[in-house]
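1. Based on what follows, work out the 3D shape:
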Amino acid sequence: MTPNPRQSKLLDEVRARGSVSVEALAEQFGVTLQTVRRDVALLADAGLLARFHGGVRVAESTTENIAYRQRQQLNEQAKLRIARAVAQAVPDGCSLIINIGTTTEAIARELLRHKGLRVITNNLNVAAILSDNPDCEVIVAGGVVRSRDRGIVGEVTVEFIRQFKVDIGLIGISGIEADGSLRDFDYREVNVARAIMAHSRQVWLAADHSKFNRPAMVELARFSELDRLFTDAAPPAPFPALLSEAGVQCVTCAP
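-> Predicted structure coming up:
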């Protein structure tokens, strides 16, 4: 299809923000909900967008993540709010493992004033950020470095992580599906994240609103394996019930 001017602007807005509610789009463009739903249906049928309950997101593959540079720009303010909330909850003098992701990198920046931290990471970006904190000891996992995002993965990484038992495992995720499964795209990255979870006394997940109802190929875990979820907006149904049933503390970092 060839989008009309309004549909083109709607498409640009969703691409810039990652995901948007139908109500927010209607308000922004000064049209009715029915008009937005009609535009979204046409764009989704053309494969340009993907719909979920109450909103729309960028159309994505279930087998490959979007580019790292694009992920850095998506939902920047949401990630910043999440990062600040996580940093406020992290006490001085504790040990952490921090994995791969643009949200975990935002958290690392918010930990620069913490004291007495010992951080193990398979993310070279996190290591570079936290190395500027003289009161933080940074331990970098061995393994294969992915050039696209400087994440370290592989069996060597898994074996390295298994040496430790830390206070908090901080993980990001690519998608959370409606059955309560946490999912990602690279099975090697998932294997490392599983090791992080198994060797952490508490597991904290940091995920912005665009991760809900986002499909990905490889299952990492279930809500029951988490202790806390930090997100920037109230999760849509059915996630509140699933989180409550699993006993997960959900921290919503609203604007």
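2. Hmm, I176 and A206 touching each other?
-> No - A206 lies out of contact with I176 (C-beta atoms under 8 Å); the separation is 11.8 Å. From N, CA and C alone the C-beta is placed, and that goes for glycine too.
3. Report pLDDT for the closest residue to L49 other than its chain neighbours.
-> Spatial nearest neighbour of L49, excluding adjacent residues (C-beta to C-beta, 6 or more residues apart in numbering): L43 at 4.4 Å. We have a pLDDT of 87 for L43.
4. pretty sure L43 contacts S8?
-> No - with contact defined as C-beta under 8 Å, L43 and S8 do not form a contacting pair (9.7 Å).
5. Show me which of those two is the more surrounded one.
-> Under the neighbour definition other C-beta atoms under 10 Å, L43 and S8 were set side by side, and L43 has more, 22 against 12.
6. which residues touch the more buried one?
-> Going by C-beta atoms under 8 Å, 6 or more residues apart in numbering, L43 touches 1, 3, 7, 10-11, 49, 56.
7. Also P236?
-> Contacts of P236 by C-beta under 8 Å, 6+ apart are 52-55, 212-213.
8. Just the buried positions in stretch 119-135, please.
-> Within stretch 119-135, the residues scored as buried using 16 or more other C-beta atoms under 10 Å are 119-127, 129-130, 133.
9. Now for those residues: which two are most distant?
-> N122 and N133 (18.4 Å; C-beta to C-beta).
10. can you pick the most crowded of the contacts of L43?
-> Busiest of the contacts of L43 [other C-beta under 10 Å] is V56, holding 27 neighbours.
11. Wait, a helix at it?
-> No - counting by DSSP: H, G, I helix; E, B strand; the rest coil, V56 falls outside a helix, being strand.
12. Pull out the buried residues from the contacts of P236.
-> With burial judged by 16+ other C-beta under 10 Å, the buried subset of these is 52, 55, 212-213.
13. Could you tell me which of those residues belong to strands?
-> 52, 55 (DSSP state E).
14. re the thing from before, of the buried residues of stretch 119-135, which is the nearest to D39?
-> Nearest to D39 among these is N125, at 37.0 Å by C-beta to C-beta.
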